[in-house]
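Peer 1: Here is my input, please return the structure:
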Amino acid sequence: MKVLARPGLLAQVSTLLRGSPVVALLGPRQSGKTTLAAQILKTHRGERFDLEDPRDAQRLSEPMTALEGLRGLVVIDEVQRQPELFPILRVLADRRPCPARFLVLGSASPELLRQGSETLAGRIRFVELSGFSLSEVGAEHQRKLWTRGGFPRSYLARSDAESFGWREDFIRTFLERDVNQLGVGVKSPVQLRRLWTMLAHRHAQLWNGAELAGALGEAYPTVKRHLDVLSGALIVRQLQPWLPNMEKRLVKAPKIFIRDSGLLHALLGIHSARELTGHPKLGASWEGFVLEEVIRRTGDRGVYFWATHAGAELDIVVQRGRAPIGIEVKWSDAPSMTKSMHVALTDLGLRYLFIVYPGSKRYKLQKNVEVVPVSELDTVLE
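Peer 2: Residues are numbered from 1 along each chain as shown. Modelled structure (predicted):
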């Protein structure tokens, strides 16, 4: 299978490794972490451990003995399997001079995030690895990326059928095997699959845990814990509302998105771009795709949505400096201003409002409102 180069990520991780003794590369399984680490090791002298390999796990059963004498770059894959490594990494990171740098790869379990942030505070930098982005595959492949999603094996599959089959296998494997490694006590993978599918049908809608709990026949705390499992595994995104200090009554529940558009389409039974075009979730899917492209460029901190109980809403608010930037996502050949956009411009004091659509031309609707293709988000968010 061919490998798509990811020079931006390579440069980012390499830069962080020069400035920090430990870098954590986090992402769901099959998102390309191991491939990226292998590319980095080609330019750094070092050694790799894979904790899914019993031999490497045995070598690290005495971690101080195994790691203390190493030099250069040390890669530890699936580090969430041995969270007891983090205190050892702290000791090794504090050596002066520091003879080794550590690149740890993990499938983003909540335990991994907690251990890393607490035990290695001030010594670790996190990089979240999603699938391929539009800037990596090229604007000419926008429809393919949106339909298949960004997981490398799904995007690079030889056919839509092969891609869909891979995503079905990913979902099944996650539920049958991977979820057991998250350490959060999911008792019923079947119920988790049902919730995941229901969330797909509510993609880009407000979280309503009570409604979902009733539909699943589960207690609300159980449904909320399952949502947190999917969020902690970087499968689902809970987009928080923008709550400026205003007198208007604002929506305070998060919006829920399936982060990878290909997984969303697999859960919805959408096999191809043609099927997607006629599907009722077309607009919601496009909104989620654009949201992930925005977050790849800004990070997830400072990205929100905005909605009032009176019905005004804005799909994305990016907090930059004193005044936020607004982004409205429209599946339309020629989007126009709406009442909600006028309200958002006034109430939020937006610097700019950008309407992201599937077309290729960029044009202004008024002085600070512009229609832009998703491929030009880099210039919008500079």
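
Peer 1: can you confirm residue 370 is in a helix?
Peer 2: No - according to DSSP: H, G, I helix; E, B strand; the rest coil, the state of residue 370 is strand, so it is not within a helix.

Peer 1: And the strands in the stretch 201-350 of the chain?
Peer 2: Using DSSP state E, counting those that start in this stretch, the strands of the stretch 201-350 of the chain run over 205-206, 236-239, 255-258, 303-307, 313-318, 325-329.

Peer 1: Looking at the ones you listed, which is nearest to residue 18?
Peer 2: Proximity to residue 18 (Cβ to Cβ) singles out strand 303-307 among those, at 27.6 Å. Where you see a C-beta, it was placed from the backbone N, CA and C, and this is true even at glycine.

Peer 1: what is the orientation angle of the closest one with strand 325-329?
Peer 2: Relative orientation of strand 303-307 versus strand 325-329 (axes from the mean of the first three to the mean of the last three Cα atoms, to 10 degrees): 70 degrees.

Peer 1: helices and strands around strand 303-307, which ones?
Peer 2: When contacts are defined as 3 or more Cβ pairs under 8 Å, 6 or more residues apart in numbering; DSSP states H and E, strand 303-307 sits against strand 236-239, helix 282-298, strand 313-318.

Peer 1: closest one to residue 359 among these?
Peer 2: Nearest to residue 359, of these and by Cβ to Cβ, is helix 282-298 at 12.0 Å.

Peer 1: Please, which helix or strand holds residue 9?
Peer 2: Residue 9 is part of helix 7-19 when elements are defined by DSSP states H and E.

Peer 1: how far out from the middle of the chain is that helix?
Peer 2: Centroid separation for helix 7-19 versus its chain: 19 Å, with Cα atoms, centre = their mean, to the nearest Å.

Peer 1: residues of it that come out buried?
Peer 2: For helix 7-19, the buried set under the neighbour-count rule, 16 or more other Cβ atoms under 10 Å, comprises 9, 13-14, 16-17.

Peer 1: relative to helix 282-298, how tilted is that helix?
Peer 2: Going by the same axes, to 10 degrees, helix 7-19 makes 40 degrees with helix 282-298.

Peer 1: same for the helix or strand following helix 7-19, what does it pack against?
Peer 2: Next in sequence after helix 7-19, counting helices and strands by DSSP H and E, comes strand 22-26. Judged by 3+ Cβ pairs under 8 Å, 6+ apart, strand 22-26 is in contact with helix 7-19, helix 33-41, strand 100-106, helix 110-119, strand 124-128.

Peer 1: model confidence over strand 22-26, on average?
Peer 2: Per-residue pLDDT values over strand 22-26 give a mean of 93.

Peer 1: Where does pLDDT dip in the protein?
Peer 2: Regions of the chain meeting the criterion pLDDT under 70 cover residues 1-5, 108-113, 181-187, 246-247.

Peer 1: Show me how it divides into domains.
Peer 2: 7-128, 134-380 (automatic domain parsing).

Peer 1: What lies in contact with the helix holding residue 9?
Peer 2: Here helix 7-19 makes contact (Cβ atoms under 8 Å, 6 or more residues apart in numbering) with 23, 25, 36, 39-40, 43-44, 73, 101, 103, 125, 127, 129, 135-136.

Peer 1: one more time with 7 Å
Peer 2: 23, 25, 36, 39-40, 73, 101, 103, 125, 127, 129 (Cβ atoms under 7 Å, 6 or more residues apart in numbering).

Peer 1: what does stretch 282-290 give?
Peer 2: Contacts for stretch 282-290 (Cβ under 7 Å, 6+ apart): 146, 203-204, 257-258, 261, 264, 276, 315, 329, 331, 356, 358, 374.

Peer 1: Present the residues you listed as a markdown table; the columns should include neighbour count and distance to residue 239.
Peer 2: Formatted as a markdown table, the contacts of stretch 282-290 follow (neighbours: other Cβ atoms under 10 Å; distance: Cβ to Cβ, whole Å):
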| residue | neighbour count | distance to residue 239 |
| --- | --- | --- |
| 146 | 23 | 18 |
| 203 | 20 | 11 |
| 204 | 21 | 9 |
| 257 | 25 | 6 |
| 258 | 28 | 12 |
| 261 | 25 | 15 |
| 264 | 25 | 14 |
| 276 | 20 | 22 |
| 315 | 23 | 9 |
| 329 | 25 | 12 |
| 331 | 16 | 18 |
| 356 | 29 | 15 |
| 358 | 18 | 21 |
| 374 | 20 | 17 |
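
Peer 1: between those residues, which is nearest residue 304?
Peer 2: Nearest to residue 304 among the contacts of stretch 282-290, with distances taken as Cβ to Cβ, is residue 315, at 10.1 Å.

Peer 1: Of the helices and strands packed on strand 22-26, flag the one that's most buried.
Peer 2: Comparing those by mean neighbour count (mean count of other Cβ atoms under 10 Å), strand 100-106 ranks first with a mean of 24.

Peer 1: what lines up beside it in the sheet?
Peer 2: Using DSSP bridges, strand 100-106 pairs in its sheet with strand 22-26 (parallel), strand 72-77 (parallel).

Peer 1: residue ranges for the helices of the stretch 151-300 of the chain, please.
Peer 2: Using DSSP state H, counting those that start in this stretch, the helices of the stretch 151-300 of the chain run over residues 152-155, 160-176, 189-201, 209-216, 220-232, 261-268, 273-277, 282-298.

Peer 1: which strands and helices sit next to the first one?
Peer 2: Contact here means 3 or more Cβ pairs under 7 Å, 6 or more residues apart in numbering; DSSP states H and E; on that basis helix 152-155 packs against helix 142-148, helix 160-176.

Peer 1: out of those, deepest packed?
Peer 2: helix 142-148 (a mean of 21).

Peer 1: which secondary structure elements does that helix contact?
Peer 2: By 3+ Cβ pairs under 7 Å, 6+ apart, helix 142-148 packs against helix 134-137, helix 152-155, helix 261-268, helix 273-277.

Peer 1: circling back to that earlier point, out of the contacts of helix 7-19, flag the one nearest to residue 298.
Peer 2: Closest to residue 298, out of all of those and judged by Cβ to Cβ, is residue 127, at 14.4 Å.
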